[in-house]
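Visitor: pasting the sequence and the predicted coordinates here, then a few questions.
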Amino acid sequence: MYGAWEHAITKERLYFEAARHFQSKLPCSVKNATDGSYRVSADSLLFYPPKENDGLGKDSLIYYSGKFSISGNELKIIQHNKTELFKRIR
């Protein structure tokens, strides 16, 4: 899962880094950057805000949460019956 993934439609990028840290960026915008930590359990993927900026409580979810699958260079995140497709770019 480590590395960079690009959304098939929006071109948004997810960067999975060491120590369960992630960043999300749109290629042309610094303002829309999001970061925090993520947790993988069984087939679920949960994204959390950074601890220092978390005003909503320890377990408040942001961004994506849902079932996921990785097949080759493809990451699918399924939430609320909608599939988000990402392609590995590095």
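Guide: Nice, thanks for sending it over. A quick note: this is a predicted structure, and the numbers were derived from the prediction, not measured.

Visitor: quick one: what helix or strand has Ile77 in it?
Guide: Counting by DSSP states H and E, the element that carries Ile77 is strand 74-79.

Visitor: let me know the next secondary structure element after that strand.
Guide: Counting by DSSP H and E, the element after strand 74-79 in chain order, helix or strand, is strand 82-88.

Visitor: what helices and strands are in contact with that following strand?
Guide: Helices and strands touching strand 82-88, by 3 or more C-beta pairs under 8 Å, 6 or more residues apart in numbering; DSSP states H and E, are strand 3-7, strand 74-79. From N, CA and C alone the C-beta is placed, and that goes for glycine too.

Visitor: adding mean neighbour count, distance to Phe86 and mean pLDDT, write the ones you listed out as JSON lines.
Guide: Shown next, in JSON lines, are those (neighbours: other C-beta atoms under 10 Å; distance: least, C-beta to C-beta, whole Å; pLDDT from 0 to 100):
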{"stretch": "strand 3-7", "mean neighbour count": "18", "distance to Phe86": "4", "mean pLDDT": "92"}
{"stretch": "strand 74-79", "mean neighbour count": "17", "distance to Phe86": "4", "mean pLDDT": "89"}
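
Visitor: can I get the ones you listed in CSV including distance to Ser44?
Guide: Formatted as CSV, the entries for these read as follows, by distance: least, C-beta to C-beta, whole Å:
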stretch, distance to Ser44
strand 3-7, 17
strand 74-79, 10
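
Visitor: out of those strands, which is closest to Pro50?
Guide: Proximity to Pro50 (C-beta to C-beta) singles out strand 3-7 among the helices and strands packed on strand 82-88, at 19.4 Å.

Visitor: tilt between the strand holding Ile77 and strand 3-7?
Guide: Inter-element angle recorded for strand 74-79 and strand 3-7: 60 degrees (by axes from the mean of the first three to the mean of the last three C-alpha atoms, to 10 degrees).
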